[in-house]
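Peer 1: after the sequence you'll find the predicted model.
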Amino acid sequence: MSKTILKSILISLFTLTLLFSFTACEKQGKMEEMGEKADEMMEDAGDKMEDLSDEIKKKANEAKESISD
């Protein structure tokens, strides 16, 4: 995945998190609970994207090293 795609995905996730945060703050009860769950899901997705990015960088460096040998 290119940096542009990863950046676009992370910006989208951040925007959705903000949207759900504002919605959850206006209402109590079930909506607040749903907002918290959405926040957790967005945070988990962001963590997974970061892990994926790290893995891609690692594989790219391994490929680069194998070509250099």
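Peer 2: Cool, the structure landed.
Peer 1: tell me which element the residue positioned nearest the centre of the chain falls in.
Peer 2: Nearest to the mean C-alpha position of the chain, by C-alpha atoms, centre = their mean, lies residue 46 at 2.1 Å. Element membership for residue 46 (DSSP states H and E) is helix 30-68.
Peer 1: so how far is that helix off the chain centroid?
Peer 2: Chain-centre distance of helix 30-68: 6 Å, with C-alpha atoms, centre = their mean, to the nearest Å.
Peer 1: flag every buried residue along it.
Peer 2: Using 16 or more other C-beta atoms under 10 Å as the test for burial, helix 30-68 gives 35, 38, 39, 42, 45. In short, each C-beta sits where N, CA and C put it, glycine included.
Peer 1: among the residues you listed, which two are most distant?
Peer 2: 35 and 45 (15.4 Å; C-beta to C-beta).
Peer 1: any weak-confidence spans in this structure?
Peer 2: 1, 21-28, 69 (pLDDT under 70).
Peer 1: distance check, residue 67 against residue 60.
Peer 2: Using C-beta to C-beta, to the nearest Å, residue 67 is found at 11 Å from residue 60.
Peer 1: quick one: contacts for residue 49?
Peer 2: Remark: with contacts taken as C-beta atoms under 8 Å, 6 or more residues apart in numbering, residue 49 is in contact with 6, 9, 10, 13.
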